[in-house]
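Asks: 3D model of this:
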Amino acid sequence: QVQLVESGGGLVQPGGSRRLSCAASGFTLNNYHMSWYRQAPGKERELVGIIRSVGSATIFADSVKGRFTISRDNVNNTVYLQMNMLKPEDTGQYFCKAQRDYDGIVYWGQGTQVTVST
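Replies: So this is what the prediction gives:
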């Protein structure tokens, strides 16, 4: 069964850090571009960042550039989102997406909640 499972969410104080994980099962991540999205209450889902399938180049939204990083561990079939200097506006449900690089097939995870608050 193909599955993406996010974990690592929770309550974080402003200025704090958090690392989210996205573990894949039922397929291997080697041929997939991996993305993180987030959705705040009442807002549309937005792209946070992407790590490409080959070479691991990354692209980030301007709102998180310089604070967030994405890494991938193809051996353990997991992708990570490291979030530093968190702000209240980073609050939201964070989703992981896998997109196969040669035919565009997409899988989504169920999301993990991150709340940045005092």
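Asks: what helix or strand is the residue most central in space within the chain on?
Replies: With distances taken as Cα atoms, centre = their mean, residue 36 lies nearest the centre of the chain, 2.9 Å away. According to DSSP states H and E, residue 36 maps onto strand 32-39.
Asks: what are the buried residues along that strand?
Replies: Judged by neighbour count using 16 or more other Cβ atoms under 10 Å, the buried positions of strand 32-39 are 32, 33, 34, 35, 36, 37, 38. Placement of C-beta: from N, CA and C, glycine included.
Asks: any idea what the closest residue in space to residue 45 that isn't next to it in sequence is bridged to?
Replies: Once flanking residues are discounted, residue 45 sits nearest to residue 39: 4.2 Å by Cβ to Cβ, 6 or more residues apart in numbering. With beta bridges defined as DSSP bridges, residue 39 has these partners: residue 93.
Asks: ok so, going back, I'd like to know which elements the strand holding residue 36 is packed against.
Replies: Counting contacts by 3 or more Cβ pairs under 8 Å, 6 or more residues apart in numbering; DSSP states H and E, strand 32-39 packs against strand 18-25, strand 46-51, strand 68-73, strand 78-83, strand 92-100.
Asks: any chance of the ones you listed in JSON lines with mean pLDDT and mean neighbour count as columns?
Replies: Output for the helices and strands packed on strand 32-39, formatted as JSON lines (pLDDT from 0 to 100; neighbours: other Cβ atoms under 10 Å):
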{"stretch": "strand 18-25", "mean pLDDT": "98", "mean neighbour count": "19"}
{"stretch": "strand 46-51", "mean pLDDT": "98", "mean neighbour count": "18"}
{"stretch": "strand 68-73", "mean pLDDT": "96", "mean neighbour count": "18"}
{"stretch": "strand 78-83", "mean pLDDT": "98", "mean neighbour count": "21"}
{"stretch": "strand 92-100", "mean pLDDT": "98", "mean neighbour count": "21"}
